[in-house]
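Peer 1: Generate a structure from the sequence data that follows.
(chains A, B, C and D)
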Number of protein chains: 2
Amino acid sequence: MPTHARDRLVAAAEQLFYEEGIRAVGVERLLSVSGVGRASFYRHFPSKDDLVLAMLRGYDERFREWLAHAVEEAGDDPTALFDALAERFGTSALRGCAAIRTMIEFVDPDHPLHRAAVAHKEAVVADLDRWLAGLGRADHAELAAQFLLLIDGAIVSAVRERGPGPAHRAKRIAAALLATRP
Amino acid sequence: MPTHARDRLVAAAEQLFYEEGIRAVGVERLLSVSGVGRASFYRHFPSKDDLVLAMLRGYDERFREWLAHAVEEAGDDPTALFDALAERFGTSALRGCAAIRTMIEFVDPDHPLHRAAVAHKEAVVADLDRWLAGLGRADHAELAAQFLLLIDGAIVSAVRERGPGPAHRAKRIAAALLATRP
DNA sequence: CCCGGACGGAACCGATCGGTTCCATCCGGG
DNA sequence: CCCGGATGGAACCGATCGGTTCCGTCCGGG
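Peer 2: Next up, the predicted model:
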């Protein structure tokens, strides 16, 4: 339990936006769940969108760190990320990826929140590219894009299927891609 | 230009919900764009959600027909669907897949609109399964699920990348999958 | 010609939206 | 001890939300 109002707001935002959607959650709910006063909200964030932005920043940081840890733990095997994904899919109420959902809820490509979500995905693909290049693959750039396509496909599939199935499926595809020489 | 109020409403719904999102478009906008009176709206649809449902039904029908046509035209080659996808991605403002977006905007798995979107995806995977089984693949079920994962991954990628790139990427992956003997 | 169904316009409803303002309180450091 | 910054509560704002109701009009078939 964070003590500062700002931290409590971000925590409530992460939970509520993830479970119900951004447009679906009003400021009122955020206040009652976080226990923060209305005035304090707008002292810390000029608008609701800025809170969403803060939530996205935290998501970007945690998710990529989590991914990197999974890959590193497996001896720099990028396909290990799908095992980590499978584990995550197995837990309770999966609701997809915060960035994908933001990208889709704010579908206008010029919207700041859409752009922030896109930036997260581009950062992930850059991470993937580094790991795949580390494997000595000449086609690391294409592979990185393919891996992100598999990750996003697995996430969307998992929202509807529930369970680790889509992650295993994506891993099998990824392994097949790595098995073919470039 | 459909003459009947109901058809005009569905047409406006398809356009507006696709371009801006379901929650983002109020009944007011639907009325002014369609030129339908408020009373007529609720004469044809008990609620806004029912209009969304009607829109989804139309999307399911058209999209699957379009997919089937693309596959059939290529001599029953299922990977041809990615070429059709690439063509679609190349045009103007791609905003993703109506079903994925509905599934994500109404993320509660028990919500009728979420369920309807899931049903569409399950119908697509059933179509894929038939085509792949027609190829004589023993692993047609797994392949069908993999193909849908690739389709959804390509769509999500395309929302952020714009252009046919993700579709070509997905096709290359699909071809690699078909190249490996089961 | 006239009747009835389909329709559009507008007023209206309570609820909620995101956001502003004022005020009382609480708490820690000087 | 006391001051100041951070806070929570509540009233209030205009706008919009989804939905209901009534009424005048238009148009085609009997």
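
Peer 1: which parts of chain A sit against DNA strand C?
Peer 2: A:23, A:25-29, A:38-39, A:41-42, A:46-49 (Cβ under 7 Å from any atom of the strand). No exception for glycine: its C-beta is placed from N, CA and C like everyone else's.

Peer 1: what ranges of chain A fall below the confidence cut-off?
Peer 2: Applying pLDDT under 70 to chain A flags the ranges A:1-2, A:181-182.

Peer 1: Point me to the residue of it nearest DNA strand C.
Peer 2: As assessed by Cβ to the nearest atom of the strand, DNA strand C sits closest to A:Gly26 within chain A, at 2.6 Å.

Peer 1: Now do the contacts for A:Cys97.
Peer 2: Residues near A:Cys97 by Cβ atoms under 8 Å, 6 or more residues apart in numbering or on different chains: A:Phe63, A:Asp152, A:Ile155.

Peer 1: what about the first one, which helix or strand?
Peer 2: Counting by DSSP states H and E, the secondary-structure element that holds A:Phe63 is helix A:48-73.

Peer 1: Pull out the buried positions in that helix.
Peer 2: A:48, A:51-56, A:59-60, A:63, A:67, A:70-71 (16 or more other Cβ atoms under 10 Å in any protein chain shown).

Peer 1: and the residue of chain A closest to DNA strand C, what are its phi and psi?
Peer 2: Here is the backbone geometry of A:Gly26 (degrees, to the nearest 10): phi -90, psi 170.

Peer 1: Can you name the residues that contact it?
Peer 2: A:Gly26 makes no contacts at all, as judged by Cβ under 8 Å, 6+ apart.

Peer 1: go on, A:Val10?
Peer 2: Going by Cβ under 8 Å, 6+ apart, A:Val10 touches A:Pro2, A:Leu51, A:Ala54, A:Met55, A:Gly58.

Peer 1: try it again with 10 Å
Peer 2: By Cβ atoms under 10 Å, 6 or more residues apart in numbering or on different chains, A:Val10 lies in contact with A:Pro2, A:His4, A:Leu30, A:Ser34, A:His44, A:Phe45, A:Leu51, A:Ala54, A:Met55, A:Arg57, A:Gly58.

Peer 1: show me what contacts the nearest residue to A:Val25 once chain neighbours are set aside?
Peer 2: The shortest distance from A:Val25 to any non-neighbouring residue, by Cβ to Cβ, 6 or more residues apart in numbering or on different chains, is to A:Leu16 (4.5 Å). The neighbourhood of A:Leu16, defined by Cβ under 10 Å, 6+ apart, consists of A:Ile22, A:Ala24, A:Val25, A:Gly26, A:Arg29, A:Leu30, A:Val33, A:Ser34, A:Met55.

Peer 1: tell me which of the contacts of A:Cys97 is nearest to A:Thr180?
Peer 2: Set against A:Thr180, the nearest of the contacts of A:Cys97 by Cβ to Cβ is A:Asp152 (21.4 Å).

Peer 1: If we ignore the residues flanking it in sequence, what's nearest the closest one?
Peer 2: Here the residue nearest A:Asp152, using Cβ to Cβ, 6+ apart, is B:Val156, at 4.2 Å.

Peer 1: quick one: contacts of the very next helix or strand once past the helix holding A:Phe63?
Peer 2: Helices and strands here follow DSSP H and E; after helix A:48-73, the next one along the chain is helix A:80-90. Residues outside helix A:80-90 that contact it (Cβ under 10 Å, 6+ apart): A:63, A:66-74, A:77, A:94, A:124, A:127-128, A:131, A:147, A:150-151, A:154-155, A:157-159, A:161-175.

Peer 1: Does A:Ile155 touch A:Pro166 like I think?
Peer 2: Yes: when contacts are counted by Cβ atoms under 10 Å, A:Ile155 is listed as touching A:Pro166 (7.6 Å).

Peer 1: I appreciate the help and will end here.
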